[in-house]
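> Predicted coordinates and the sequence they were generated for:
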Amino acid sequence: MEVPCERWKRSTRAGRCAGALALGLAGLYAAPVVKAASSAPAASQQIAIPSYIHPGADPAAWDRLIGSEPGKVGIAVANVMNGPDNERKDEWASVMKRAHDADIKVLGYVDTGYFGGTGMHTRLGSTRPEDWLSQAQQDVNSWYELYGDELGGIFFDDGQNACGPEDGSNRWAELQAELNEFQKRRHPDSLTVLNPGTVVRPS
């Protein structure tokens, strides 16, 4: 499944901005691009679930998700500890594998911290955009090192809903594009989703 609105290579300022900000939750529900010559029926709508549920605390919730009617739940988001944490957790590996085997695409949760624009701190206490970018890239790598076989992509949370910190700036859009490209270079077939968690401002 690809996100049709992902157009990071457009050269104009407005294009870069719109392409970066469009990679949001709405992309989860967009129909995949269909070749003109294909006569296959359009894919049905699927549900994406931000499944921030610890499998040890509520295993029944994961059982319901994984056991849902085939084709209804298309995407689940796994969030171990505001990200992948620093070691593989067997209970998470188990539910992620079961979901994967049930044809549910599991995305690993990565916090981008609004790239420090709201004062959020990285784990090392920084608010610098470059440090948030570096931490997010490290978390992407950790997800694949710990749970690679079960992962279908990455869910980037706390994304900026504007192109930059002030009018005429593309700073946030460029950082989001760089993070997306970092993911796609290493895992070309993966799905990346950016969640600003609020209304995206028009470019």
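Great, that's in hand. Residues are numbered from 1 along each chain as shown.

> For the rest of this, base every contact and every neighbour count on C-alpha atoms.
Noted.

> Do you have the strands of the protein handy? List them.
Along the chain, the segments classed as strands by DSSP state E run 47-49, 73-78, 105-111, 153-157, 191-195.

> Which of the residues in the top helix by length along the chain are classified as buried?
Ordering each helix of the chain by length in residues (DSSP state H) puts helix 129-147 first. Within helix 129-147, the residues scored as buried using 16 or more other C-alpha atoms under 10 Å are 129, 131-133, 135-137, 139-144, 146-147.

> for stretch 76-94, same thing?
So, applying 16+ other C-alpha under 10 Å, buried residues of stretch 76-94: Ala76, Val77, Ala78, Asn79, Val80, Gly83, Pro84, Trp92, Ala93.

> same thing with stretch 50-69?
Ser51, Ile53, His54, Pro55, Trp62, Leu65, Ile66.

> Span of it from start to end?
One end of stretch 50-69 sits 18 Å from the other (C-alpha to C-alpha, to the nearest Å).

> Touching it from outside, list them.
73, 76-80, 91-92, 95, 98-99, 102, 104 (C-alpha atoms under 8 Å, 6 or more residues apart in numbering).

> from those, which has minimum pLDDT?
Within the contacts of stretch 50-69, pLDDT reaches its minimum at Val73, with 90.

> Could you count how many residues lie near the nearest residue to that residue once chain neighbours are set aside?
Distance criterion C-alpha to C-alpha, 6 or more residues apart in numbering; nearest residue to Val73, sequence neighbours excluded, is Ile47 at 4.6 Å. As a burial measure, Ile47 scores 13 neighbours (other C-alpha atoms under 10 Å).

> OK, contacts around Ile47?
For Ile47, the contacting residues are Tyr29, Lys72, Val73, Gly74, Ile75, by C-alpha under 8 Å, 6+ apart.

> Try it again at 6 Å.
By C-alpha atoms under 6 Å, 6 or more residues apart in numbering, the contact list for Ile47 reads Lys72, Val73, Gly74.

> Return the residues in contact with the first one.
So the one you mean is Lys72. Residues near Lys72 by C-alpha under 6 Å, 6+ apart: Gln46, Ile47.

> what's the distance between it and Ser142?
From Lys72 to Ser142 the distance is 29 Å (C-alpha to C-alpha).

> And for the second one?
Summarising the geometry, the distance separating Val73 from Ser142, computed by C-alpha to C-alpha, is 25 Å.

> for Leu151, same thing?
For Leu151, the distance to Ser142 (C-alpha to C-alpha) stands at 12 Å.
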